[in-house]
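Enquirer: need coordinates for the below:
(2 chains)
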Amino acid sequence: MPPSPATIPPPPDSAPAYNPRNYLNAEAGIASWLLTRDHKRIAIMYLVLTSVAFALGGLFAMLIRLELLTPSNTIMSAASYNRMFTLHGVVMIFMFLIPAIPGVFGNFFLPLMLGARDVAFPKLNLLSVYLYAIGASIALYGMVHGGADTGWTFYTPYSTTTITKVVPILLGAFVLGFSSILTGLNFIVTSHTLRAPGITWMRMPLFVWSIYATSIIQILATPVLGITLALVAFEHAFGWGIFDPARGGDPILFQHMFWFYSHPAVYIMVLPAMAVISEVIQAAARKNIFGYKAVAFSSLGIAFVGFFTWGHHLFVSGQSTLDAGIFGVLSMFVGIFTAIKVFNWTATLYKGSVKFYTWFAYFCGFIFFIVFGGMTGIALATVSLDVHWHDTYFVVAHFHFIMVGSVIMAWLAALHYWWPKMFGRMYSEGWGLVSAVLIILGFNATFIPQFLLGNAGMPRRYYSYPERFWALNVASTAGASLLAFGFAIVLIYLAISLRYGPLAGPNPWGSKGYEWDTLSPPPPENFLENKVYTRAAHDYTGGGEGGGVTHAA
Amino acid sequence: MQPESYVAHHFPNLRQQEHAARLGMWLFLATEILLFGGLFTAYSVYRFLYPEAFAKGSEHLSVAAGTVNTIVLITSSLTAALAHHLVEKKRGKLAACCLAITVLLALAFLGIKAWEWTHDFREGFFPGRFYDSSEFTLTGAPMFFTMYFLLTGLHGLHVLVGMTVLGTLGVLSWRGKYDHGYVTPVELGAMYWHLVDLIWIFLYPLLYLI
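Expert: Coordinates of the predicted model:
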């Protein structure tokens, strides 16, 4: 598909309207939410639940940074510190990073982008929210009753012998996994069976392509994590010896089985972020994507190669040099597919007509984090370098850049880009840009010192450190505070916007994504008419038109 | 009642809805295979580590019971397939009988399995740290029985789930729910049962024969 020439942004709608009969108010009462089958309401429930999880994980992170403010004991003991980083990891990964973008924006926008009235299995979709809530509750029970000190990776044999409450946290993660499987299953079947007339595979919005690739990983990898965590819990409770070297078990087997899921899980987090960015960049540049097929198929490429990279977590775990070399090279393939995307996104800006909205600021942050997080990843996939950096803060900073930095950027970009569609109201653009700057700078200030600390040899997961690491740790904690402050501002202006924000109208950005082709907030049945699509998504060649509701007809 | 009345509001027609249901079931079966895949991986690793104990371990299991159970389970898959065939021909009552036979065969399978387990326990073949046999003391022998109980236990759990599903389908079929041309639930239930059968077909040689 040749890139279309940029066009002048359309004039804003003369009178933005609020859709009076929408999915939020069509039915009233608690029961209408708890028993809903509407993918949009399920998305809102996910938004609330994952945001609470994010706040909780953030709280643990702040406690960790406070403890590391001084070289010796600051606010907690070594045992509490071990619990803190474990809970931070468990909450952020299983309850926020994995479900956030698919659960919220996937659920809300995947059917809208396909011209569908719902996902293929609405009841399973509701069940996935309940499984999320149940899994999170079981894990929370474990956290309140003593927590766990194994790290989120639950490495055996320590995790099978620790006296902390690791079993409920394992079971919680097990149940959360099934929630993730159901979401992925739903999205794959929806993409196959519910595309409206006119949406061929090669016209499917790129968001859907990337979510589809994510779903494949969710379906194929998550069951392996499920059985692995169940085995650890079983071992801890009954001592069947499956990972216990004293009984002939092999603890390294756990690492293989765990990373067979947990490395692809990084792509469960990052591919949805790439999905969001592929949409946002087209709306921001007012151009269709440069190289649609390359962007679409590189998502599948990442999903495929992602299954053959887990060994790079075992470079120092007694893996043979040959295996390590092979896994190192395979890991670098991910870098190739990611680079294809990054070049295509930036090429899309060429001759584009960019307006610097808040979500575009987050796009810029995303590109920064994915490039530098990705480059340090390539460095870490090099066996000889990894031996130096293994288990240092360099690794911590690397994976926070790539799977937290980029995912948070995309999550915030999605939240700001689609907020007017989801709630029909605008937020304060000025405060949006201020907080975007704070968050991006805060994130860098938190983790760039950690790259330096790791390179200087500071190991991860210790509550104290030699005094020569002090200054950089203070910088990191200061950055984390800035980050927290930025998030507080976002929370405040979005909450204000829900009630007092100016009306958005159906398409305040003049975006030509399919999902904008309906009222804001959308009606319960998504579209007032049966959709037939005659144009590709994000086709801006039509000129000044835009902001209309039914230009597909 | 017309088959079209089963179409949910977000599907354009029944054919597409059935296609979606079938695709969803195939994906679910894929997750089941990966779930067992973890255990099969562990089995392979420990078989490689303790080849002698695993070869000798199978001699301590009853090949006769395993073989009978294999026949029982394959026969039950046949009756499940027949049930699907019969509901398509709108013979719901006969299909219900086939499903009932399937459930009974599943029950027989579990009965034989329970007899085997009791026998193992009497010999002191417990998993992991509970292992208590004086005649079979090779290194890795407890691990063989850990794998044996994990694999057959997880499979047994799936048999129980399958019995519940097929039992429910049988009752509904007897009441004539599938006599109007909409038989997807029976098809999906039978698919699940075939998978449970298929997994056993791998477990049988791995545990009893080699």
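
Enquirer: tell me the residues of chain B that contact chain A?
Expert: B:8-11, B:16-17, B:19-20, B:23-24, B:27-28, B:30-32, B:34-39, B:41-42, B:45-46, B:49-50, B:127-130, B:139-140, B:142-143, B:146, B:149-150 (Cβ under 8 Å from any Cβ of the partner chain). The way it works is simple: take the backbone N, C-alpha and C, and place the C-beta from them, glycine included.

Enquirer: can you rerun that using 6 Å?
Expert: Taking Cβ under 6 Å from any Cβ of the partner chain as the criterion, chain B approaches chain A at residues B:10, B:16, B:19-20, B:23-24, B:27, B:31, B:34-35, B:38, B:45, B:127-129, B:140, B:143, B:146.

Enquirer: just the buried residues from these, in ChimeraX please.
Expert: Buried members of the residues of chain B next to chain A, defined by 16 or more other Cβ atoms under 10 Å in any protein chain shown, are picked up in ChimeraX with:
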select /B:10,19,20,23,24,27,31,34,35,38,45,127,128,140,143,146
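
Enquirer: do me a favour and get the end-to-end distance for stretch A:242-250?
Expert: Length of stretch A:242-250, first residue to last, Cα to Cα, to the nearest Å: 7 Å.

Enquirer: contacting residues for A:Leu453?
Expert: A:Tyr393, A:Phe469, A:Leu472 (Cβ atoms under 6 Å, 6 or more residues apart in numbering or on different chains).

Enquirer: and the gap between B:Ala83 and chain A?
Expert: 24 Å (Cβ to the nearest Cβ, to the nearest Å).

Enquirer: counting by contacts, list what the helix or strand bottoming out on mean pLDDT in chain B packs against.
Expert: One helix or strand of chain B scores below all others by mean pLDDT, DSSP states H and E: helix B:51-59, with a mean of 91. Secondary-structure packing of helix B:51-59 (3 or more Cβ pairs under 6 Å, 6 or more residues apart in numbering or on different chains; DSSP states H and E): helix B:141-174.

Enquirer: relative to helix B:51-59, how tilted is the helix it packs on?
Expert: Relative orientation of helix B:141-174 and helix B:51-59, computed by axes from the mean of the first three to the mean of the last three Cα atoms, to 10 degrees: 50 degrees.

Enquirer: give me the mean pLDDT for helix B:141-174.
Expert: What helix B:141-174 shows for mean pLDDT is 95.

Enquirer: next: stretch A:341-361.
Expert: The average pLDDT within stretch A:341-361 is 94.

Enquirer: end-to-end on that stretch?
Expert: Separation of the first and last residues of stretch A:341-361 by Cα to Cα is 18 Å.

Enquirer: returning to what we had before: tell me the helix or strand right after the least confident helix or strand of chain B.
Expert: The C-terminal neighbour of helix B:51-59 among helices and strands, as given by DSSP states H and E, is helix B:63-88.

Enquirer: so, low pLDDT: which residues of chain A?
Expert: Scanning chain A for pLDDT under 70 picks out A:1-15, A:543-553.

Enquirer: what residues does it have near chain B?
Expert: Proximity of chain A to chain B is confined to A:117-118, A:120, A:181, A:185, A:189, A:192-193, A:219-220, A:223-224, A:227-228, A:239-242, A:247-248, A:253, A:257 under the rule Cβ under 6 Å from any Cβ.

Enquirer: and those, which are buried?
Expert: Of these, these count as buried by 16+ other Cβ under 10 Å: A:117-118, A:120, A:181, A:185, A:189, A:192-193, A:219-220, A:223-224, A:227-228, A:239-242, A:247-248, A:253, A:257.

Enquirer: so of the residues you listed, which ones are in helices?
Expert: Among those, the members found in helices (DSSP state H) are A:181, A:185, A:189, A:192-193, A:219-220, A:223-224, A:227-228, A:253, A:257.

Enquirer: same list (these) but as a markdown table, adding distance to A:Trp431.
Expert: As requested, these are exported to a markdown table (distance: Cβ to Cβ, whole Å):
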| residue | distance to A:Trp431 |
| --- | --- |
| A:Ile181 | 38 |
| A:Leu185 | 39 |
| A:Val189 | 40 |
| A:His192 | 41 |
| A:Thr193 | 42 |
| A:Ile219 | 40 |
| A:Leu220 | 42 |
| A:Pro223 | 43 |
| A:Val224 | 44 |
| A:Ile227 | 47 |
| A:Thr228 | 44 |
| A:Leu253 | 51 |
| A:Met257 | 46 |
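
Enquirer: and those, which two are the farthest apart?
Expert: For these, the maximum inter-member distance is 38.8 Å, found between A:Thr193 and A:Leu253 (Cβ to Cβ).

Enquirer: isn't A:Ile302 right next to A:Met269, touching?
Expert: No. A:Ile302 is beyond contact range of A:Met269, at 11.7 Å (criterion: Cβ atoms under 6 Å).

Enquirer: any idea how far the spatially closest residue to B:Cys98 that is not a sequence neighbour is from B:Gly167?
Expert: In this structure, B:Cys98 finds its nearest non-sequential neighbour in B:Ala83, 3.9 Å apart by Cβ to Cβ, 6 or more residues apart in numbering or on different chains. Per Cβ to Cβ, to the nearest Å, B:Ala83 is found 12 Å from B:Gly167.

Enquirer: so which of these two has more stuff around it?
Expert: B:Ala83 (32 against 16; other Cβ atoms under 10 Å in any protein chain shown).

Enquirer: in chain B, where is pLDDT below threshold?
Expert: Along chain B, the model assigns pLDDT under 70 to residues B:1.

Enquirer: just give me the longest helix of chain B.
Expert: Assignment by DSSP H gives helix B:14-49 as the longest helix of chain B.

Enquirer: angle of it against helix B:51-59?
Expert: If you take the same axes, to 10 degrees, helix B:14-49 sits at 120 degrees to helix B:51-59.

Enquirer: which neighbouring elements make contact with helix B:14-49?
Expert: So helix B:14-49, by 3+ Cβ pairs under 6 Å, 6+ apart, packs with helix A:166-193, helix A:206-238, helix B:141-174, helix B:184-204.

Enquirer: please consider this matter closed, and thank you.
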